[in-house]
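Asker: Here's my sequence, what's the structure:
(chains A and B)
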2 protein chains.
Amino acid sequence: MPELRKDPVTDRWVIIATDRARRPADFVREPVSATPSGRFCPYCPGNESKTPPEVMAYRGNTGRNQPGWSLRVVPNKFPVLGIEGELHREGEGLFDKMQGIGAHEVVIESPDHALSMTELSDRAIEQVLWAFRDRMRDLKNDRRLRYVLLFKNHGEPAGATLEHSHSQLIALPVVPKRVTEELEGAQKYYQFKERCVFCDIIRQELRAGTRVVTETDEYAAIAPYAARFPFETWILPRQHRSHYEDTDPSQLKNLAWVLKSTLRKLEKVLERPAYNLLIHTAPLQEAGTQYYHWHIEIIPKLTRVAGFEWGTGFYINPTPPEESAQFLRDAGLA
Amino acid sequence: MPELRKDPVTDRWVIIATDRARRPADFVREPVSATPSGRFCPYCPGNESKTPPEVMAYRGNTGRNQPGWSLRVVPNKFPVLGIEGELHREGEGLFDKMQGIGAHEVVIESPDHALSMTELSDRAIEQVLWAFRDRMRDLKNDRRLRYVLLFKNHGEPAGATLEHSHSQLIALPVVPKRVTEELEGAQKYYQFKERCVFCDIIRQELRAGTRVVTETDEYAAIAPYAARFPFETWILPRQHRSHYEDTDPSQLKNLAWVLKSTLRKLEKVLERPAYNLLIHTAPLQEAGTQYYHWHIEIIPKLTRVAGFEWGTGFYINPTPPEESAQFLRDAGLA
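Answerer: Take a look at the predicted model:
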């Protein structure tokens, strides 16, 4: 008998198809190639002039837009939103629109074209997480911007168009719908219980253990109870914190370790899957809150989203999260 | 300058990337083949025993589960929800679950394996729309069921696993999130204006004309103002009606014509794209309402959904709906 489960934050129902549980080998594999294609890469050292001028870089004693960097942040060459102009809202009969003001940047995670995120050193991953923090703190100063989404599309089936390992950020003049839903759901829970729903989830999951993937003193990686997708995995700080950019610098090292470990487990069990990774954090211009808790969501690309999902916002997940967590724990990597 | 547009019903923002507007030929085409693969098909006449026993059929003077039908409805062989059992809700710490009770049926639209929906006769399409109505009216009698989603996945990239033309329905014991959002948004608008938001949209669109694809006395096909996807097209009844299953039988003939005309335009302009089609209608057990208005949504599969969309529920649409409507109008089919 399949089971319907409700996400305790957003009230989204998911069908967990327990009878036809799918094991890792049952999915159509489209492994992300480990061999570079050899095509020209604008993100490689020496090609700095092929990107818009850098916003920020971590580098030794070399000049801006020159080689010698270990991480580089540049505006997207084809931005979906432009940074210039006044925010201008307007009606069109009963419709509402505004100018597409915001930022769209690329974090080039390493000078080495051949390395995917899991092949980077712990130090290099920590540096990526620092860059996320630095960019958020900087963009917060622009009062037009209300939300920053940090995300990574790994592999072509997940939407990546260049192979050189990179993440992206899009800063928006509105708080997006999916985030608003989480904020409102978390706020409702807080009003009822006077506790953060994510803190409660972490406590319950760590006690039960069945959906835990990895656990450290500072972070928990879990398969969420109402996972929308097979092998969906979340990483949450165990200590309550609403904004990613307020993460204590000393905690980024531990986060880098948990993130690498989790991604390596997914790569081992699912054979180098394409995936999307994203950070859900509180809106930029809001003060720290008691009810919201930032977290990372990792979604391996294993199934197709079809008419039913578009029509309902309801997901059918063929792998119960207890089983995916078990597979990932059994992968046995550090 | 890209434009941010807000859906007036759900408050979902969409980025319409006006500068890099994509024309039909710019998308990666994966045309749905018109040539049958020759694989065994459980939906073809003569193979009736390969599906679960039929729920309903339109047939001449032949017996149940025998050839001689023009349309057949059968339970899905691998249902995501089961029809048997008591609806039982239960907690698991702070989580909520219930048994996966519901229905999952397949509407086999024609006995002819080689015909896609746009190649069916007008009469045959009308019959499909009748079958949708008949099944909804029947499932309404089961008080455990609160919502029926009717949808069609056409072509493998849109999630279809069998080529023989068919639609599906899933009946659910809960009202799904995306529908709740529409209902709540429409209700809010009604409280404010005392008018149906969809009726207002139809009036404004027909007056402006720029986003109209086809218009008859009874239906309007439009590219929605805040379209999430390129060439997304909606079909709405011009007369207010909240429930699809209350459609006047005399109007189904006109709906069949509009649907076929719209799909044929999409096939011509986009070269036989894969697509998802779905019907949004009011919940089964609710009486007719003044604020909600059923409609069909058609989403051609042209772009990938990646990390940004998963993270935000925000969509980036590279083709302004005014342009997609223009292309479809210019396709010039009846």
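Asker: Check what pLDDT the residue in chain A sticking out farthest from the centre gets.
Answerer: Within chain A, residue A:93 marks the point farthest from the mean C-alpha position, 36.8 Å out by CA atoms, centre = their mean. Residue A:93 carries a pLDDT score of 92 in this model.
Asker: Distance of it relative to residue B:191?
Answerer: 20 Å (CB to CB, to the nearest Å). To be clear about C-beta, it is placed using only N, CA and C from the backbone, and glycine gets the same treatment.
Asker: before we move on, back to that, thinking the residue farthest from the centre of chain A is in contact with residue B:204, fair?
Answerer: Yes: the criterion here is CB atoms under 8 Å, and residue A:93 meets it with residue B:204 at 4.7 Å.
Asker: so how many other residues sit close to residue A:306?
Answerer: Counted with other CB atoms under 10 Å in any protein chain shown, the neighbours of residue A:306 add up to 23.
Asker: That one: what's its closest spatial neighbour, skipping adjacent residues?
Answerer: Nearest non-adjacent residue to residue A:306, counting by CB to CB, 6 or more residues apart in numbering or on different chains: residue B:159, 2.8 Å away.
Asker: now swap in residue A:2 and tell me
Answerer: Leaving aside its sequence neighbours, residue A:2 sits nearest to residue B:100 (CB to CB, 6+ apart; 3.2 Å).
Asker: Pull the contacting residues for the one you found.
Answerer: A:1, A:2, A:3, A:4, A:15, A:16, A:17, B:80, B:81, B:82 (CB atoms under 8 Å, 6 or more residues apart in numbering or on different chains).
Asker: swap in residue A:219?
Answerer: So residue A:219 contacts A:235, A:236, A:237, A:238, A:254, A:255, A:258 (CB under 8 Å, 6+ apart).
Asker: pLDDT score for the third one?
Answerer: Which is residue A:237. pLDDT, residue A:237: 98.
Asker: The helix or strand of chain A with the lowest mean pLDDT packs against which elements?
Answerer: Ranked by mean pLDDT, DSSP states H and E, the weakest helix or strand in chain A is helix A:307-312, scoring a mean of 74. Where contact means 3 or more CB pairs under 8 Å, 6 or more residues apart in numbering or on different chains; DSSP states H and E, helix A:307-312 is packed against strand A:315-317, strand B:147-154, strand B:166-172, helix B:177-193, strand B:275-280, strand B:295-300.
Asker: would you turn the ones you listed into CSV with mean neighbour count and distance to residue B:243?
Answerer: Putting the helices and strands packed on helix A:307-312 into CSV (neighbours: other CB atoms under 10 Å in any protein chain shown; distance: least, CB to CB, whole Å) gives the following:
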stretch, mean neighbour count, distance to residue B:243
strand A:315-317, 22, 25
strand B:147-154, 25, 10
strand B:166-172, 24, 14
helix B:177-193, 17, 12
strand B:275-280, 25, 10
strand B:295-300, 24, 12
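Asker: The ones you listed into CSV, with extra columns for distance to residue A:71 and mean pLDDT?
Answerer: Formatted as CSV, those follow (distance: least, CB to CB, whole Å; pLDDT from 0 to 100):
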stretch, distance to residue A:71, mean pLDDT
strand A:315-317, 35, 89
strand B:147-154, 42, 94
strand B:166-172, 46, 95
helix B:177-193, 38, 94
strand B:275-280, 40, 94
strand B:295-300, 38, 96
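Asker: want to try CSV for the ones you listed, with distance to residue A:141 as columns?
Answerer: Formatted as CSV, the helices and strands packed on helix A:307-312 follow (distance: least, CB to CB, whole Å):
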stretch, distance to residue A:141
strand A:315-317, 37
strand B:147-154, 45
strand B:166-172, 46
helix B:177-193, 33
strand B:275-280, 42
strand B:295-300, 39
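Asker: Show me which residues of the stretch 1-150 of chain A sit near chain B.
Answerer: Within the stretch 1-150 of chain A, the positions adjacent to chain B are A:1-6, A:8, A:10-13, A:15-17, A:20, A:78, A:80-82, A:85, A:92-100, A:147, A:149 by CB under 8 Å from any CB of the partner chain.
Asker: From chain B, how far off is the closest residue in space to residue A:42 that isn't next to it in sequence?
Answerer: Leaving out its chain neighbours, the residue that sits closest to residue A:42 by CB to CB, 6+ apart is residue A:50, at 3.8 Å. Going from residue A:50 to chain B by CB to the nearest CB, to the nearest Å gives 18 Å.
Asker: Can you give me the neighbour number for residue A:50?
Answerer: 13.
Asker: per-residue confidence at it?
Answerer: 96.
Asker: shouldn't it be in contact with residue A:65?
Answerer: No: counting by CB under 8 Å, residue A:50 stays clear of residue A:65, with 10.4 Å between them.
Asker: Now do the strands in the stretch 1-150 of chain A.
Answerer: Using DSSP state E, counting those that start in this stretch, the strands of the stretch 1-150 of chain A run over residues A:3-6, A:13-16, A:56-59, A:69-75, A:89-92, A:95-99, A:103-108, A:147-154.
Asker: and residue A:22, what does it touch?
Answerer: A:230, A:318, A:319.
Asker: Contacting chain B as well, which ones from these?
Answerer: Among the contacts of residue A:22, no residue lies close to chain B (CB under 8 Å from any CB).
Asker: Neighbour count and pLDDT added to the residues you listed, as JSON lines?
Answerer: Listed next are those as JSON lines, based on neighbours: other CB atoms under 10 Å in any protein chain shown; pLDDT from 0 to 100:
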{"residue": "A:230", "neighbour count": "26", "pLDDT": "94"}
{"residue": "A:318", "neighbour count": "21", "pLDDT": "90"}
{"residue": "A:319", "neighbour count": "26", "pLDDT": "93"}
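Asker: Show me which of those residues is closest to residue A:279.
Answerer: residue A:230 (21.4 Å; CB to CB).
Asker: Contacts only, for that closest one.
Answerer: Contacts of residue A:230 by CB under 8 Å, 6+ apart are A:22, A:27, A:300, A:302, A:303, A:317, A:318, A:319, A:324.
Asker: Chain B versus that one, what's the distance?
Answerer: 14 Å.
Asker: Can you verify that residue is assigned to a strand?
Answerer: No: read with DSSP: H, G, I helix; E, B strand; the rest coil, residue A:230 is coil and lies in no strand.
Asker: circling back: out of the strands of the stretch 1-150 of chain A, which gets nearest to residue A:289?
Answerer: strand A:147-154 (14.3 Å).
Asker: could you check the angle strand A:166-172 makes with that closest one?
Answerer: Note on geometry: by axes from the mean of the first three to the mean of the last three CA atoms, to 10 degrees, strand A:147-154 and strand A:166-172 are set 150 degrees apart in direction.
Asker: I would like the residues contacting strand A:147-154, please.
Answerer: With CB under 8 Å, 6+ apart as the test, strand A:147-154 has contacts from A:32, A:116-117, A:132, A:135-136, A:139, A:159-160, A:165-172, A:174-176, A:179, A:244, A:274-279, A:281, A:283-284, B:306-308, B:310-312.
Asker: Try it again at 7 Å.
Answerer: The contact list for strand A:147-154, computed with CB atoms under 7 Å, 6 or more residues apart in numbering or on different chains, reads A:32, A:132, A:136, A:139, A:159-160, A:167-172, A:175-176, A:179, A:274-279, A:283-284, B:306-308, B:311-312.
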